[in-house]
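[1] I need the structure of the sequence given here:
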Amino acid sequence: MSRLSRFVLGTLFALGARLVAAQDVADSVQLHNDCRLAAQVLTTGNPDPLRSWALQTIQSCDVEAGAAIPAVWQSPPSTAEDLGSLVAASIANRDARILDAVMTVATNAGAAPELRIASLRVLASYGDRRVWVSLEDLQSRRALILPFTDHPIGREGNNPLPVDIRARVLAVLNGLAQGDPNDSIRDAARFLVKAFPLP
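    Below is the predicted model:
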């Protein structure tokens, strides 16, 4: 290979690396802006037409998720698809503020059963980050063990989970399994307690 060819290849490689770096910066700025807008939509409700988009986008937002997602648990979505996105966003961002909101919903006998079932799915994943429980798993309760992922789910949020998270989750699930007035919640909690993996 001639010196000129090496020079041209080297120049093209360096230019390509700069273009990739510039694209990474642009993507980072776009994600930052998207996260700020998603958090605004979820915490204020405005603009409402962007709520579904915001629930999906907030899953990728390390900083904003811990404050925005609990607001959604207090004013939950009305569609099953958006509720699924809320569960996914909550599991993707393991934050103590989200945990508090989810536990509040799980133990609120006056909350809609569908919302409480969704909160149990999140609690199971918070109790053991290798666990993902689908809505079908809880409704059918046919599985003898919880389905596991092949790698831990979620990233740690700005407010870390308590060190005794597993014990706290199991305590809530046991309480619901023993005395919740709603049959479907009681049965789902019993299933989770029975199937919960050993540490």
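
[2] Strands of this protein, start to end?
    93-94, 155-156 (DSSP state E).

[3] Show me the one of those that comes nearest Asp137.
    strand 93-94 (20.1 Å; Cβ to Cβ). All C-beta spots, glycine's among them, are computed from the backbone N, C-alpha and C.

[4] From the opening residue of stretch 93-113 to its closing one, how far?
    With Cα to Cα, to the nearest Å applied, stretch 93-113 spans 23 Å between its terminal residues.

[5] which residues of this protein fall in helices?
    3-44, 51-57, 62-74, 80-92, 96-106, 113-127, 135-140, 165-179, 183-195 (DSSP state H).

[6] rewinding a little: any chance of the strands of the chain in TSV, with distance to Asp128, mean neighbour count and mean pLDDT too?
    Below are those laid out as TSV (distance: least, Cβ to Cβ, whole Å; neighbours: other Cβ atoms under 10 Å; pLDDT from 0 to 100):
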stretch	distance to Asp128	mean neighbour count	mean pLDDT
strand 93-94	11	24	94
strand 155-156	15	14	84
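
[7] who wins for proximity to Val193 among those?
    strand 93-94 (20.9 Å).

[8] Check which helices and strands the closest one sits against.
    helix 62-74, strand 155-156 (3 or more Cβ pairs under 8 Å, 6 or more residues apart in numbering; DSSP states H and E).

[9] mean pLDDT for these: which is lowest?
    Looking at those, the lowest mean pLDDT belongs to strand 155-156 (a mean of 84).
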